[in-house]
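Colleague: Provided below for reference: sequence and predicted model.
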Amino acid sequence: MRRVLAHAGLTAGALIMLYPLLWMITASLRPNTEIFRHPGLIPEHPTLANYALGWSSTGTSFGIYLMNSLIICAAVVIGNLLTCSLTAYAFARLTFVGRKTLFALMLATIMLPGHVTLIAQYSIFRKLNWIDTFWPMIVPSFLATDAFFVFLMVQFIRSIPVELDDAARIDGCGAWGIYRRIILPLLSPALVTTAIFSFIWTWNNFFSQLIYLSTRTRLTVPVALRGFLDATGSSEWGALFAMSVVTLVPVVVVFVVFQRRILAGMAHTGLK
């Protein structure tokens, strides 16, 4: 009986959590006049016109926005994987002056809101003539600026036996050889977790992309979705919901395919 009640409660909770998503999907299949008229999940007059309208109603093909987001996400994922793993290896295995102090300062940046450094970053990127380009979103990832991923990898590397490093040194490996031949292959669960979270967070990042991008053909998916809303009241809700469904597809696919690796990576690093 306890199991039945527990499963019933979990099922009810799951349905409550899924209802907004299911409603958005059904709303994308309704005409604008019916979207807010009925709270149910079954459209009275289903239509795919919203998808055709949303794909081109902004004056630019929505595929361009998807491609821009994919380019930025791919570059950010590569940057985080390379630089965060190198930084984590240095903190976890190498000995240098000020290592503990620098590691503590890095962890302190996790508690620093991004809005605090926004003006300084914008001034730097403006002087570099990077405004209205993808560089402000991509370059920071190649400088290991995401302390969360560095910390995650540090915790994972510390769980790898140091004896493997000693054996590699006996065979003639230096610091770079140990990183490339020993640490990096064993770091794959944390790397997969970093890649997935980097992709999802960058894909959904609205604020930075709104600040730095202005040319319509360079906009990303989150900013493009905002274009369907009109302050005068003539918003294209059907097209907005339709393109929101399209936007969710890559994120859902990535999460469903790699969800086991996410849990494995967090379990190895001790994060919950």
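Modeller: Looks like it arrived, so ask away. Numbering: from 1, shown residues only.
Colleague: whichever strand or helix holds Pro189 packs against which elements?
Modeller: Element membership of Pro189 [criterion: DSSP states H and E] is helix 188-203. Helix 188-203 is packed against helix 62-93, helix 147-158, helix 237-269, with contacts defined by 3 or more Cβ pairs under 8 Å, 6 or more residues apart in numbering; DSSP states H and E. To be clear about C-beta, it is placed using only N, CA and C from the backbone, and glycine gets the same treatment.
Colleague: buried stuff in the first one?
Modeller: By that I understand helix 62-93. Residues of helix 62-93 classed as buried: 62, 64-66, 68-69, 72-73, 75-77, 79-81, 83-93 (neighbour count, 16 or more other Cβ atoms under 10 Å).
Colleague: can you check the shortest one too?
Modeller: Buried residues in helix 147-158, defined by neighbour count with 16+ other Cβ under 10 Å: Ala147, Phe148, Phe149, Val150, Phe151, Leu152, Met153, Val154, Gln155, Phe156, Ile157.
Colleague: check stretch 98-111 too.
Modeller: Using 16+ other Cβ under 10 Å as the test for burial, stretch 98-111 gives Phe103, Met106.
Colleague: using CSV, write out the CA atom coordinates for that stretch.
Modeller: Extracted C-alpha coordinates of stretch 98-111, given in CSV (Å, rounded to 0.1, in the frame of the first residue of the first chain):
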residue,chain,number,x,y,z
GLY,A,98,49.1,30.4,-4.0
ARG,A,99,47.2,27.3,-5.2
LYS,A,100,44.8,27.2,-2.2
THR,A,101,44.3,30.9,-2.3
LEU,A,102,43.5,31.0,-6.0
PHE,A,103,41.2,28.0,-5.6
ALA,A,104,39.3,29.7,-2.9
LEU,A,105,39.0,32.9,-4.9
MET,A,106,37.7,30.9,-7.9
LEU,A,107,35.1,29.3,-5.7
ALA,A,108,34.1,32.7,-4.4
THR,A,109,33.2,33.8,-7.9
ILE,A,110,30.4,31.2,-7.9
MET,A,111,28.5,33.4,-5.4
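Colleague: on that earlier part again, what about the helix holding Pro189, distance to the chain center?
Modeller: Taking Cα atoms, centre = their mean, to the nearest Å, the mean C-alpha location of helix 188-203 is offset from the chain mean by 7 Å.
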